[in-house]
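S.K.: Quick one, structure for this:
(2 chains)
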Amino acid sequence: MAEKILAPLAGKVFKVYISVGAKVEEDDEAIIIEAMKMETPVFAPCSGTVKEVKVKEGDTVEEDDVLAVIE
Amino acid sequence: MILIEKTLAMFNTSGFFFMTPGMIVMWAIGFTLIYLAIARDYEPLLLLPIGFGIILANLPLADLMKPHEGLLWRFYHYGIQWEIIPPLIFLGLGALTDFGPMLARPVLIFLGAGAQAGVYITFFVAHAIGFDLKEAATIGIIGGADGPTTIFLATKLAPHMLGSCAVAAYSYMALVPIIQPPIMKLLTTKEERVIKMKKLRKVSRLEKVLFPMVSALVIILLVPAAAPLMAMFMIGNLFREAKVVERLNHAAQNELLNIVTIFLGLPVGATMNAETFLQPKVIFIFFLGLFAFMSSTATGVLLAKLMNLFTREKINPLLGAAGVSAVPMAARVVHKVGAEADKKNYLLMYAMGPNVAGVIGTVIAAGVFLTILR
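M.R.: Residues are numbered from 1 along each chain as shown, chains lettered A, B, ... in the order given. Below you'll find the predicted structure:
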C-alpha cells in the first residue's frame, strides 16, 4: 500500500535524502524543508521503498503538497 | 624651534591627551558587541553598528555626539528624536509580516497579548526597586522583545537609558533560544507539549487586504499614542497584501529597511557615553530586561494553559511563548521545543500567529505607557 509524504508546512525544499527505489525505515529523515530560515525535517510515515519523489531541492511547497510516495 | 612647537601643539590637540578610563571601558563594551555580532552572530545587523557607535561616541575631541554639530548627533536628532527611523523600520516589518497564520486562528491573538503581561510585571518591579515611572516603563517594554518599539518609547520617556535598553533588548533577542526553553519546559508537561494543533484554515485575500486597514483604524482610535508605529506597520503590510505595488513592497522590506537599519544602530550606540552608561543602574536595567523576557514567556505559556481550561480544542501551551514578539526567533524556539517532545509536531506556522500578534501587542503596550506617563 502506498503512503504519501505530505509537506507539514509551507516552505522551500532544502534537501532531499531519498531517491526512487531506495529503502526507507519509518521515521527516517526523508526531506528537509526550510521555512522562516529554519530547517525542518520531514520523516517517512512508514517503512518501504520510495516509489516517487515529486520535489527537488529549491522547490517551493505549500502545506499538504505531496512530496514523495512510499510503497 | 617652530617645528618642535608645532609638533607639540599637534600632540596637545590629539585625542590621546584627553582619554579617560571610562572611555576605554566603553571601547571594551563596543568591541564586545562587535565580537558577539561577528563571531557569534548575535543580532549582527543591530549590534555591529551599535558597537561601533559606542566606540565612536567615546573618542575625545571628535565631538561626534556634540549637540547641533556632531554627525552622529544629527543622525540621532533627526532620525530618532524626530521619530522617523523607528516608524520606517516598522514600515519594512509590516511589508515582511504575513498575518495569515494569525488570521487563520484569531484566538491565538490572545497569546500575543498575554505575553505582554511580562512588560507590566517588570514595570511594577522596576518601579518598586527605585526607578521612576518613566524609566520603569522603558525597562518593562524590553520584555516585548521589540527593538524599534523599545527605542521609540525610550526616546520619549527616558532618553538617558536609550542605549542600554536597546542593547539589552537586542542582546536578549539573540538569546531567546537560551532564555525561553527552560521556562517553557518548566511550566508545561510532556502531554501538553505534544498536543497537535488543528490545521489552519485558508485565509482569503480579502481578509488579508482588509486586515491592515481595519486594525490600523481600530488600534489608532483606541491608543492614539501608538499611531506613528502602527500607521507605518499597517501601510507596509497593505503594500504587501495589495499585490499591486510590488515595487513599494520590495523597497520597504529590502532597500529602505536596510538603509534605516544603518542609521538606527550607529546613533543608538553613540548615545552610550561613559558618564551616562557606567552607572550601577545599568546593571539593574540588564537584570530587569532579562526578567522581563522571562516573565513574558511565562505569562504567555500560562495564559495558553488557562485558555485550555475553557476551550474544547486544546492549544499547545508552548505557543504562548511565541507571544514574545521576537519575530521569528520566538516562533522557531516554540517549534524546536515542540519537536523535542514529538519530532512530528510542526508548530512553526501556528507559532507565527501569536508571534506577529505580539508585535502589535508591544506597540499597544508602548502606546498605553505613553498615554499614561507623558
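S.K.: Confirm for me that residue B:223 is in contact with residue B:372.
M.R.: No - counting by C-beta atoms under 8 Å, residue B:223 stays clear of residue B:372, with 10.6 Å between them. Every residue, glycine included, has its C-beta placed from N, CA and C.
S.K.: can you list contacts of stretch A:50-70?
M.R.: Residues lying outside stretch A:50-70 but in contact with it, judged by C-beta atoms under 8 Å, 6 or more residues apart in numbering or on different chains, are A:2-16, A:18-24, A:30-31, A:33, A:42, A:44-46, A:48-49, A:71, B:199-200, B:349.
S.K.: Let me know the pLDDT of the residue of chain A found nearest chain B.
M.R.: At 4.0 Å from chain B, residue A:8 is the closest residue in chain A, using C-beta to the nearest C-beta. Among the per-residue scores, residue A:8 shows a pLDDT of 91.
S.K.: Would you list the phi and psi of it?
M.R.: Main-chain dihedrals, residue A:8, degrees, to the nearest 10: phi -80, psi -20.
S.K.: How about it, nearest residue that isn't a chain neighbour?
M.R.: residue B:346 (4.0 Å; C-beta to C-beta, 6 or more residues apart in numbering or on different chains).
S.K.: any idea how far residue B:98 is from the one you found?
M.R.: Applying C-beta to C-beta, to the nearest Å, the value for residue B:346 to residue B:98 is 17 Å.
S.K.: Tell me which of these two has more neighbours.
M.R.: residue B:346 (23 against 16; other C-beta atoms under 10 Å in any protein chain shown).
S.K.: Extract the residue ranges of chain A that are flagged as low pLDDT.
M.R.: Counting by pLDDT under 70, the low-confidence segments of chain A come to A:1.
S.K.: tell me, what residue is most central in it?
M.R.: By C-alpha atoms, centre = their mean, the mean C-alpha position of chain A lies nearest to residue A:31, the distance being 4.1 Å.
S.K.: Is chain B within reach of the helix or strand hosting that one?
M.R.: Element membership of residue A:31, judged by DSSP states H and E, is strand A:29-35. Yes - Strand A:29-35 is in contact with chain B by C-beta under 8 Å from any C-beta of the partner chain, via residue A:35.
S.K.: residue contacts, the residue of chain A closest to chain B?
M.R.: Neighbour list for residue A:8: A:33, A:40, A:42, A:63, B:344, B:346 [criterion: C-beta under 8 Å, 6+ apart].
S.K.: So what's the gap between the lowest-mean-pLDDT helix or strand in chain B and the chain middle?
M.R.: Within chain B, judged by mean pLDDT, DSSP states H and E, the helix or strand with the poorest mean is helix B:2-12; its value is a mean of 81. If you compare the mean C-alpha spot of helix B:2-12 with that of the full chain, they lie 49 Å apart, counting by C-alpha atoms, centre = their mean, to the nearest Å.
S.K.: next helix or strand past that helix?
M.R.: Past helix B:2-12, further along toward the C-terminus, the next helix or strand under DSSP H and E is helix B:21-39.
S.K.: Can you mark which positions in that next one are buried?
M.R.: Within helix B:21-39, the residues that qualify as buried by neighbour count (16 or more other C-beta atoms under 10 Å in any protein chain shown) are B:23, B:26-27, B:29-30, B:33-34, B:36-37.
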